[in-house]
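>>> With the input below, show me the fold.
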Amino acid sequence: MQYDVTYGDIPFGLSLLSQLGEGNISISPTSIRVALGMLYEGAKGETARQISLATHLPEDASVRERGIRELTEALNATTVPHTIRCANGLWIAEQYPVNPEFKQTVRDNYRAEVNAADFTGNPEKERADINAWVGRKTEGKIPELFPEGSIDSLTRLVLANALYFKAQWDNKFDPQYTQKQDFTLSNGETVRVDMMRKGHIDSPWDLPTFRYGEFDGMQAALLPYQGKHLASLILLPPKGDSVKSMEADLQESHSSLWDIIKELRLEEFARLEIPKHEVKGSFKLQAPLRVLGIERMFDSKAEFQGIGPEPLFVSEGFHQTYFKTDEEGSEGAAATGFIAKNLSMSRPRKPIEFVVDRPFLEAVIDNSTGALLFLNRIEDPQG
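Below is the predicted model:
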């Protein structure tokens, strides 16, 4: 089953990935779109139009709100063999006359925890408290989403999404077969990595089976986690092509990862080798979101009358991720936050981009909801 609100995860994720530089990149399209969705609920006019176009969130409020509510409930369901938690939080400045309908919408449909905050009197304590909330929701993997100085006395509203997942492979890799092997980077250099292995090496008479397909030289394999609600889709570009050119081809062809998955067929694997990897990402979102068309909310023309009467603009957005894959399975954490300030008293700061270093794409997909929980480009598995 795919929810209306998750259809945009893939095009949005690929578009954003292309704006975040070279090397290893790990993002959570689901986390960013849910956080932007909360802003969308209070946006009007051109600001709302730009958020809708770039994120592919439904314009129809009833469709969007129902979809977000059902997605949040599905991701937090506890009857599956993996762990997924999706939490939203909203912190409103004391005495700020927030629109009750906005607060109710975010609380009811995003299941957000709504809190009063003393941004005027003690912004640094509030920043520490909000970061601690994110840290708790991500099992300590993201301890400081909002950096020092980002929240100040002009802050009127902070919202955040925190996402955590942990799952074991449906067919685990045996650590005794993991060994150092060559991995060729995009620049042609070779590094030694810990390569997990399956096939003849561990089961010569009973080969493992996974869904697999080839598309104009691109290879795709789907590795399910226990319960098979979640799966990791590994996309390997043709030899001689870069992972970034593969990303561009996927964007230009408007190919949905779901279309690829539908074409995969169960095959026996004589040899399956995937490197262990651990990646982290930390990004300021203003610059890349502007490139994707979300500009109005960051400047003096921002229209957030749905949040409250005081003129507001978004000063910055922050996104951090942690993702690790080993023989047992995968663990990931992501958090996204936006800060809204008093427009008449402040102006946005010049944005700064953060870039990390990695040659295949990895997408963690929730089969039950269609959510693209993580989208990783792996250039160098050693990090």
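>>> Just the terminal-to-terminal distance for stretch 187-205.
38 Å (CA to CA, to the nearest Å).
>>> Please compute how far that stretch lies from its chain's middle.
28 Å (CA atoms, centre = their mean, to the nearest Å).
>>> How about stretch 182-192?
Offset of stretch 182-192 from its chain centre (CA atoms, centre = their mean): 27 Å.
>>> ok, and what's touching it?
For stretch 182-192, the external contacting residues (CB atoms under 8 Å, 6 or more residues apart in numbering) are 180-181, 193, 195, 242-244, 275, 359, 379-382. C-betas here are computed from N, CA, C, even on glycine.
>>> Can you pick out the most distant pair from those?
In the contacts of stretch 182-192, two members sit farther apart than any others by CB to CB. They are Lys180 and Lys244, at 26.4 Å.
>>> Settle it for me: which of those two has more neighbours?
Taking neighbours as other CB atoms under 10 Å, Lys180 and Lys244 compare with Lys244 leading, 17 against 10.
>>> so who does the more buried one touch?
Listed by CB under 8 Å, 6+ apart, the contact set of Lys244 reads Ser18, Glu22, Ser186, Arg377.
>>> In terms of helices and strands, where is it?
Taking DSSP states H and E as the criterion, Lys244 maps to helix 243-253.
>>> Check Glu331 too.
Counting by DSSP H and E, Glu331 is part of strand 329-342.
>>> so where do the helices sit in the stretch 51-200 of the chain?
Counting by DSSP state H, counting those that start in this stretch, the stretch 51-200 of the chain has helices at residues 61-75, 100-109, 123-137.
>>> Export those to a markdown table and append columns for distance to Asp299, mean pLDDT and mean neighbour count.
Formatted as a markdown table, the helices of the stretch 51-200 of the chain follow (distance: least, CB to CB, whole Å; pLDDT from 0 to 100; neighbours: other CB atoms under 10 Å):
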| stretch | distance to Asp299 | mean pLDDT | mean neighbour count |
| --- | --- | --- | --- |
| helix 61-75 | 24 | 92 | 18 |
| helix 100-109 | 21 | 95 | 17 |
| helix 123-137 | 22 | 97 | 18 |
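>>> out of these, nearest to Glu263?
Proximity to Glu263 (CB to CB) singles out helix 61-75 among the helices of the stretch 51-200 of the chain, at 25.4 Å.
>>> Counting by contacts, list what that closest one packs against.
helix 29-40, strand 83-93, helix 100-109 (3 or more CB pairs under 8 Å, 6 or more residues apart in numbering; DSSP states H and E).
>>> quick check: angle from the first one to strand 329-342?
Pointing back at helix 29-40 there. 20 degrees (axes from the mean of the first three to the mean of the last three CA atoms, to 10 degrees).
>>> just how off-centre is helix 29-40 within its chain?
10 Å.
>>> circling back: Ala270 is nearest to which of the helices of the stretch 51-200 of the chain?
helix 61-75 (36.1 Å).
>>> contact partners of the closest one?
Applying CB under 8 Å, 6+ apart, the external contacts of helix 61-75 come out as 3-6, 34, 37, 40-41, 57-58, 84-86, 88, 105, 108-111, 163, 366, 368-369, 371.
>>> want to try JSON lines for the helices of the stretch 51-200 of the chain, with distance to Met218 as columns?
Listed next are the helices of the stretch 51-200 of the chain as JSON lines, based on distance: least, CB to CB, whole Å:
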{"stretch": "helix 61-75", "distance to Met218": "29"}
{"stretch": "helix 100-109", "distance to Met218": "38"}
{"stretch": "helix 123-137", "distance to Met218": "36"}
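>>> So which of these is nearest Ile307?
helix 100-109 (5.2 Å).
>>> And the closest one, what does it pack against?
helix 61-75, strand 83-93, strand 113-117.
>>> Using CSV, lay out the ones you listed together with distance to Pro100.
Converted to CSV, those look like this (distance: least, CB to CB, whole Å):
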stretch, distance to Pro100
helix 61-75, 16
strand 83-93, 11
strand 113-117, 11
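>>> For Gln226, find the nearest of those.
Nearest of the helices and strands packed on helix 100-109 (CB to CB): strand 83-93, 10.9 Å.
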